[in-house]
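*Asks:* here is the input, now give the coordinates:
(chains A, B, C and D)
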4 protein chains.
Amino acid sequence: MSSTYGKKLKITVFGQSHSPAIGVLMEGLPTGFEIDMEELSAFMARRAPGKDPTSTPRREADSPEFISGLVDNTTCGAPVTAIIRNTNTRSSDYDNLRDCPRPGHADFTANVKYGGHQDVAGGGHFSGRLTAPICIAGGTALQILESMGIKIGAHIVRIGKEAGACYGCGDVCADDLKNLDTFPVRTQDEEERFRREIMSAKADGDSVGGMIECAILGLPAGLGDPMFEGMENRIAGIVFGIPAVKGVEFGRGMDVASIRGSENNDPFTVKDKKIVTATNNAGGILGGITNGMPLIFRAAIKPTPSIDKEQDSVSLSEMEPKKLIIHGRHDPCIVPRAVPVMEAAAAISVLDAILSK
Amino acid sequence: MSSTYGKKLKITVFGQSHSPAIGVLMEGLPTGFEIDMEELSAFMARRAPGKDPTSTPRREADSPEFISGLVDNTTCGAPVTAIIRNTNTRSSDYDNLRDCPRPGHADFTANVKYGGHQDVAGGGHFSGRLTAPICIAGGTALQILESMGIKIGAHIVRIGKEAGACYGCGDVCADDLKNLDTFPVRTQDEEERFRREIMSAKADGDSVGGMIECAILGLPAGLGDPMFEGMENRIAGIVFGIPAVKGVEFGRGMDVASIRGSENNDPFTVKDKKIVTATNNAGGILGGITNGMPLIFRAAIKPTPSIDKEQDSVSLSEMEPKKLIIHGRHDPCIVPRAVPVMEAAAAISVLDAILSK
Amino acid sequence: MSSTYGKKLKITVFGQSHSPAIGVLMEGLPTGFEIDMEELSAFMARRAPGKDPTSTPRREADSPEFISGLVDNTTCGAPVTAIIRNTNTRSSDYDNLRDCPRPGHADFTANVKYGGHQDVAGGGHFSGRLTAPICIAGGTALQILESMGIKIGAHIVRIGKEAGACYGCGDVCADDLKNLDTFPVRTQDEEERFRREIMSAKADGDSVGGMIECAILGLPAGLGDPMFEGMENRIAGIVFGIPAVKGVEFGRGMDVASIRGSENNDPFTVKDKKIVTATNNAGGILGGITNGMPLIFRAAIKPTPSIDKEQDSVSLSEMEPKKLIIHGRHDPCIVPRAVPVMEAAAAISVLDAILSK
Amino acid sequence: MSSTYGKKLKITVFGQSHSPAIGVLMEGLPTGFEIDMEELSAFMARRAPGKDPTSTPRREADSPEFISGLVDNTTCGAPVTAIIRNTNTRSSDYDNLRDCPRPGHADFTANVKYGGHQDVAGGGHFSGRLTAPICIAGGTALQILESMGIKIGAHIVRIGKEAGACYGCGDVCADDLKNLDTFPVRTQDEEERFRREIMSAKADGDSVGGMIECAILGLPAGLGDPMFEGMENRIAGIVFGIPAVKGVEFGRGMDVASIRGSENNDPFTVKDKKIVTATNNAGGILGGITNGMPLIFRAAIKPTPSIDKEQDSVSLSEMEPKKLIIHGRHDPCIVPRAVPVMEAAAAISVLDAILSK
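*Replies:* Now for the predicted structure:
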C-alpha cells in the first residue's frame, strides 16, 4: 500500500535505484486521452540531472516506455504502466552503508523496518531517482489538466539564506507560470542569488535546503471534501511522499498563527459575475474545499543528506560509533530538480480530486 | 470516504453541529481492550468549552455513549460506535448564512459542493464541534498506546505575536508531557502572555491564531512506510482534518530550507546499547519511517473566522456585495481547545501505523 | 474494514444482537435526495420477524432513527447514520454457548478469532439481526435507484425439496417484480409448497434452506469493471456478507459447466433501436460489465443452524465432546425474511457501481 | 481500482493481449522471502497453452522478468513488479470485432464502457492471457504459503456432461493434492471422459464448459472477518475476476438450499487434542471465518465463447443484425488451463487474509 497514492486516480511507484527498472502504474486515467510523448519527455527532462553545474554529474536517460494501457498513445481504459530501464550497473559504492547508515538518510530506518533485506544500493526504493516515475504520472496528469484549462506552476522561493518573492496570499495569473521551465525562479536576481548559495555550499563540500511554492490556476470551486480528504490533506499526502520534504503550508501558511481573524479572513466580493475573495490567505481552500481562487502551497526541502564531509555514524554490527565518509556523486541542492516533481505531485493530487468528485 | 481516516484502524466521524447526534465509528481496534471511561471523560473534558474566559460560553455535555462494539467496556471485535447527543436545539442564528457566506468559513465552498443542500446550522459537518468525536477515538487510542509505553503530549508554542519555547529538535522527556492538561503550556510566563494575547483580541471583538507542537515518545523504530504512507504523510493526513490547520511541519520543519546538510543531519551514536541521534532535526522520521527518537510535529491554527466585526461578504442570490455581521457565540481563540484534539489525532495516526505494521 | 462495503458509496454496519443499538453509516450518498421514511419503514417491515408462523416469534421494533447526515429527511452531504435501539435486554439464553459452540454457527470461529472477547449474546455481530441495518442502507439505495428507473426484485426459487420457477436466462419484465412484498414468491402454488416445506421442518424441530433469485431491471450497459471489480465480484462481495449464503451464481449459473458455447453464447440483435441479446445466459454481465439486459443472480441460503434437537458439540474449556441443546427462539427458515435483504444488498452494490462510474 | 485485489497483500494486473507487455505489481509481500524461480516457472508452465491437443496452438513464452522489488530473488520490501513481453505482433485477426462484437465476449460491453477506445486486439485487458500475471503473483503466494505449511490444490470435477468426484464435504488430505499438475484430475477414468468431452466439442467446432474444485489445507482457524470480508467474500472477490467464472460455491454449496439443518450442521468433536468437525458441509468457513477444516470451493467456468460456427451478432455502426465468423486460434475448453489459475487466485486471497490478520 505504501507506494500507492490516490482514490479514483491511483498511481503506484515501483523500482529501486539499481533494480532492472523503475516505473509507475496508473489506474483510473480518463479513457481516450492521447498522451503527447514529446511534451512528456520535455517535462521529464526538467528533473533530469547533469544539465547544470548545481546538480549531480550522474547522467540518466529518462525516457519512459509505456508497456500497457495505451493504444496509439491513447488511454484505452486498462491500467497504464510505464517503465524506465536502469542503465547504471549495481555499483559497489554503497556496500559499507549496510553496516554504517548515512545520517539524514533512510539507511537506518529501512534496515530496522526490513530486517536488513532492504535494497541498499543507491538508497533502493528511497532514492530520489524514484521521483522520475512520479513525473511520468504527473506529466500525464498535467496534460489532462491543461485540456481542462487548469495550469500548475512551481518556483523556488528560498535557497538557504536567500529568500525570493512568494505569490503568498497575493495575486497570481497564468503569466506568472510561464518560463518556469528553465532554472525555475521568477527573477534574474533570484536566480543569481540562489545559484550563488548552492555553489558556495558545493565549494564547502556541503549541501543546502530550500523552499518551493506551487500555484494551481483554473480550479473550479467545490473540489475536495471535509475532514480527512480536504485538499490540504490530499496534497500534503502526496507532497510528503517527495523525499526531503519536512513541512507543507497553504496560502498564508504558518504565518496564520501570528495574526488575527480580521487580517486573515478573505473578504468575499463579486468580479466578472463570479464570487472571488479580495485576498487569498486561504490559498484557495476553505473547509478543505476549493473556493475557485488560486490554490497555493509551499513545501520545505531539507538539504541533501549526502555531503563530502566526515560524519558521525555507527556500526550496526559492532554497535559502536564509527566515522563515515560517503563516496559517489551527489546534488549539492536538489531543490531545482524538485520543482517539476512538485508540479507533478500537485497535478496527480488535483486530477484525483477532480475524478473523485 | 471523506470523513474516514486510517488503514487498519479506521475511524469515521459523523454528525453535524445541530444534527440529533455526533459520533465516531471505529473499526480495527485491538480486541479485548477495556476502555477506562473515567479517563476518557477526563480527556474529553479538556476540549470542552465554557471552562475558561478564553473560550465560547456555549456549554456542551460531551459524555459519549458507546452503542456498539463493547462488552463490559471491553472491545469485542465488532465495530465500535460512540455518539454524543446534541442537546442544543436547531438555532435560527444561522439562517442568513445560507445566502451570505462567512469569510474564512466553509459556508461558500460547502454551498458550491453540495448545491445548497449542506446543513448550514452551526457550520454543519464542518463545525469545530466535530472534533469531539475525534477526541473519543483519540482518547481511546491514547489509552491503548499508553499500555504500550507510548506517550503523547501537545502544548501551545505561539498565540499571535507571543511565541513560546519549542521542543524543536532538542531533547524531550516524558516529564515534559506532564501537567499539560490545564492550560496547555509549559511555563507560567507563557500562559500569562498567551492569555493576554487572547483576551486583547477578544476585547477588540477579534480572534487570534496560534501554533501547537506535539511530541510522541516511546515509539519503536521502523514504523511507517516509504513514499505516500510515511509518518509525515499519515500524520498530516489527519492533522489537516482538524479545522483551521493551514500548515504542518516535522522536527526542524520549515527551517530546514534555510540551513545546510552539515547542520541538519542528525549524527548517529550509541546510548544505553541503543542507536540514537545526537540531535533530532528529523523529528524522529527518516524516509517516512520512525527512527526511535521523539516524533515531533507542529501545526499552525488560523484565527477563528467568526469575529464580532462587520465584514465584506456577498449575497449568493443577488450576486452582489453585502455587509455581514455574525451573531452567536464564538471562541476568540480555539488553540487551547485544539491541543487535546492534536493529541487525539496523533494517537489515531500512530496507532494505525502500529497496527498496519 | 470487515464490516464496510463499497468504494464510492461506502456503508458500514455496526452493532451486536444485544448491544445498546445496531445501525449503519453511509458515506457517498448523492446529496439532496429526500428519503421517503414511510416507504423505508414499509421496506424494513418486510424482513421484520413475527409476522408469520414460518418465522421466529421474537418481535422487534425496527424503525430506524437517523442521527446524522439529513436535513428535513434530505441528504446534506455529510455521512448518514441511522440506528435502531435494541429493546431486548441482554438475555442469559446464551451463557452456555461461550464454552459450547453451536454447530453451523460462528460461535467457535469467533471465539478463536477474538480470543474469547466476542459478544456471545444472540450471536453478537454475527447475528441475522444485523441484516436490519443492511436494509436501512439498501432501502435508501432502492429509492435512489427507483428515481433512476432501476427496479430490483427478489423471490424464492427453492425451499428444501420444493423448487419454483427461475427467471433464469429467460425474459423478465417489471411486472414480474410486482407483489413480491408479501410472501415473496411468484405463484400461489409455489407459496403453498414452500410453506408446507417450512412447516414440516418446524414440526420436526428442524430447519430448512432455500434459494433466492434476484433480478435488477433498467440498468444501463457499461457498469462495472474488468478483473476484480466486475459486477459479479461486486455483488458476490456483499451477498456473501448475508449470513448463511454459501453459493452465488449469475444468469445460467453453475449450469454453464454442463453446456457448450453454441448453447451458452447469447446472440446479439437489435430491438427498438437498442442492442440486446436474444437469450440472457450471461445474466446481464459480460466481462464483468453490464450489457443492458436484466442482471440476474441467485444465492443459496443454508438452513438455520439453530434447531430444537440435541447436537454434538464440544466443551472448549474441557476440550471434550459435549451434547448441546439450544434454547431461545429460532426461525425454522430464514429464506423468506432474507428476500428483502437480498434486494437491499443488490441495491447497495448496484448504486455503488453507478456512483463509481 | 478495477484490476487491483487485496487489502494487505495488494496485487494489480496490467497489460493487454497485444500490448508490449503484461505483468503484475505486488505490494505487501513479506520481506526477505526468496522466490524459487524454477518452481515458479514450473507453475507458470501449467497454464501455458499449446502443450496439449485440448488447448489452443498459440505458443507463448511465459517466463516472467522481475523488474523491481527483489534483491538476489529475495523480496526487499519495495513493490514487486514482474512482466512478460508479448512476442505476438498486433494481429489483424480482430479488426472486424470493433464493429461486430463476439457473442459471450466483452467486446460489446467494453465498447460501451470505454466509448470505443478499448484495445480490441485479442480481447485487450479482458483476454484470458491476463491470467498469466495472476499466476506469477499466485505462484509466489503459493511458495510463501507452502513455507507456512499451507497446501492448495485444484482439480476438474466436471466437463460438460461428464462429472467427476468432488471432495465436496468429505475428507481431503495432502495426498489428494498430489500429481494434480498434469491434466488436473484425480482418476484415469475422469481424464479419459473429460478429454473425450473436450475433443468431441472441438470436432464440432464448438466449445464446452466445466467446473473446478479447489481445496486449501493447513489453514489455521480464525482467518477472515464477519460481514463483507469473510473468506467467502474474499475468495469470490478474486475468483469472479477469472474470465468465464459464472458461479462460486463453498463446501456443500448450492446444495444447502435443498437440505435441513440437522443434515447441514457439522458436528464438533475433538481429534488429536484439536477441535474439528465430523463433516465439512461448511467448507471450512463459519461466519466468514476459517474453522481449521479444509477450505473447499468450486467455480463454474462457461464454455469458451469463441467457436468455429457462424453466430448472430450486430453491426454497431449500422445498428443492424450481422452474421459473425470468428477467425484466429481458440481453446475448445479453457477449464484445464484454468486449474492453476484457480490455485493462484486462492493463494493470493488466503495470503492476503493471513497478512491482514
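*Asks:* surely residue A:341 is within a helix?
*Replies:* Yes. Residue assignment for residue A:341, taken from DSSP: H, G, I helix; E, B strand; the rest coil, places it within a helix.
*Asks:* give me the distance between the residue nearest to it when sequence neighbours are not counted and chain D.
*Replies:* Beyond its immediate neighbours in the sequence, the residue positioned closest to residue A:341 (C-beta to C-beta, 6 or more residues apart in numbering or on different chains) is residue A:131, lying 4.5 Å away. Using the backbone N, CA and C atoms, a C-beta is placed for each residue, glycine as well. Distance check for residue A:131 against chain D: by C-beta to the nearest C-beta, to the nearest Å, it reads 15 Å.
*Asks:* in three-state terms, label residue A:131 for me.
*Replies:* Per three-state DSSP, the secondary structure class of residue A:131 is helix.
*Asks:* so where's chain A uncertain?
*Replies:* A:1, A:50-61, A:88-94, A:178-183 (pLDDT under 70).
*Asks:* any idea which residue of the stretch 1-150 of chain A lies closest to chain C?
*Replies:* Of all residues in the stretch 1-150 of chain A, residue A:78 sits closest to chain C, at 7.6 Å by C-beta to the nearest C-beta.
*Asks:* tally up the residues packed near that residue, please.
*Replies:* Close neighbours of residue A:78, defined as other C-beta atoms under 10 Å in any protein chain shown, add up to 31.
*Asks:* hmm, back to that, correct me, but the residue nearest to residue A:341 touches residue A:242?
*Replies:* Yes. When contacts are counted by C-beta atoms under 8 Å, residue A:131 is listed as touching residue A:242 (6.5 Å).
*Asks:* any residues in contact with both of these two?
*Replies:* Contact criterion C-beta atoms under 8 Å, 6 or more residues apart in numbering or on different chains; residues bridging residue A:131 and residue A:242 by contacting each: A:338, A:341.
*Asks:* tell me the secondary structure for residue A:110?
*Replies:* The assignment at residue A:110 comes out as helix when based on three-state DSSP.
*Asks:* from residue A:127, how far out is the closest residue to it other than its chain neighbours?
*Replies:* Nearest residue to residue A:110 in three dimensions, chain neighbours excluded: residue A:118, at 4.1 Å (C-beta to C-beta, 6+ apart). With the distance defined as C-beta to C-beta, to the nearest Å, residue A:118 ends up 11 Å from residue A:127.
*Asks:* those two: who's more crowded?
*Replies:* Per other C-beta under 10 Å, whichever of residue A:118 and residue A:127 has more neighbours is residue A:118, with 28 against 20.
*Asks:* so the more buried one is in contact with residue D:74, correct?
*Replies:* No. Between residue A:118 and residue D:74 there is no contact, the gap being 10.7 Å when judged by C-beta under 8 Å.
*Asks:* distance check, the residue of chain A most remote from its centre against residue B:271.
*Replies:* Of all residues in chain A, the one whose C-alpha sits farthest from the chain's mean C-alpha position, using C-alpha atoms, centre = their mean, is residue A:318 at 37.1 Å. Relative to residue B:271, residue A:318 is positioned 15 Å away (criterion: C-beta to C-beta).
*Asks:* part of a helix, is residue A:136?
*Replies:* Yes. Secondary structure assignment places residue A:136 in a helix (three-state DSSP).
*Asks:* my guess is residue A:292 contacts residue A:216. True?
*Replies:* No. Between residue A:292 and residue A:216 there is no contact, the gap being 11.4 Å when judged by C-beta under 8 Å.
*Asks:* need the residues touching each of the two.
*Replies:* Here residue A:292 and residue A:216 have residue A:284 as joint contacts, going by C-beta under 8 Å, 6+ apart.
*Asks:* what about those two, which has more around it?
*Replies:* Remark: of residue A:292 and residue A:216, residue A:216 carries more neighbours, 27 against 19, as counted by other C-beta under 10 Å.
*Asks:* and the residue of the stretch 1-150 of chain A closest to chain C, how far is that from residue B:110?
*Replies:* From residue A:78 over to residue B:110 the distance is 37 Å, taken as C-beta to C-beta.
*Asks:* next, the buried residues of stretch A:202-217.
*Replies:* Taking 16 or more other C-beta atoms under 10 Å in any protein chain shown as the neighbour-count basis, stretch A:202-217 is seen to contain the buried residues A:202, A:204, A:206-217.
*Asks:* can you check stretch A:312-327 too?
*Replies:* Judged by neighbour count using 16+ other C-beta under 10 Å, the buried positions of stretch A:312-327 are A:312-316, A:322, A:324, A:326.
*Asks:* what residues does the stretch 51-200 of chain A put near chain B?
*Replies:* For the stretch 51-200 of chain A, the residues in contact with chain B (C-beta under 8 Å from any C-beta of the partner chain) are A:101, A:103-106, A:108-110, A:112-113, A:125-126, A:130, A:158-161.
*Asks:* mind checking what secondary structure the closest residue in space to residue A:108 that isn't next to it in sequence has?
*Replies:* For residue A:108, ignoring the flanking residues on the chain, the nearest one in space by C-beta to C-beta, 6+ apart is residue A:101 at 3.8 Å. Recorded secondary structure, residue A:101: coil (three-state DSSP).
*Asks:* right, and residue A:101 touches residue A:118 too?
*Replies:* No. Using C-beta under 8 Å as the test, residue A:101 is too far from residue A:118 to be in contact (10.9 Å).
*Asks:* what touches both of those two?
*Replies:* When contacts are counted by C-beta under 8 Å, 6+ apart, residue A:101 and residue A:118 are jointly contacted by residue A:111.
*Asks:* count of residues packed around residue A:115?
*Replies:* Residue A:115 has 12 neighbouring residues, counting by other C-beta under 10 Å.
*Asks:* same question for residue A:42.
*Replies:* The number of residues packed near residue A:42 is 12, by other C-beta under 10 Å.
*Asks:* phi first, then psi, for residue A:11.
*Replies:* With angles defined as degrees, to the nearest 10, residue A:11 shows backbone torsions of phi -120, psi 140.
*Asks:* what about it, how many residues nearby?
*Replies:* When counting by other C-beta under 10 Å, one arrives at 27 neighbours for residue A:11.
*Asks:* likewise the one 5 residues further on?
*Replies:* Neighbouring residues of residue A:16 were enumerated by other C-beta under 10 Å; the total is 29.
*Asks:* sec struct for it, please.
*Replies:* Three states are possible here, and by three-state DSSP the one that applies to residue A:16 is coil.
*Asks:* now do the contacts for it.
*Replies:* Taking C-beta under 8 Å, 6+ apart as the definition of contact, the neighbours of residue A:16 are A:22, A:119, A:121-122, A:124-125, A:127, A:130, D:68-69, D:76, D:78.
*Asks:* which residues touch residue A:134?
*Replies:* Residues counted as contacts of residue A:134 (C-beta under 8 Å, 6+ apart) are A:11, A:13, A:24, A:241-242, A:341, A:344-345, A:348.
*Asks:* strands - which of those residues land there?
*Replies:* Those of those mapping onto strands are A:11, A:13, A:24, per DSSP state E.
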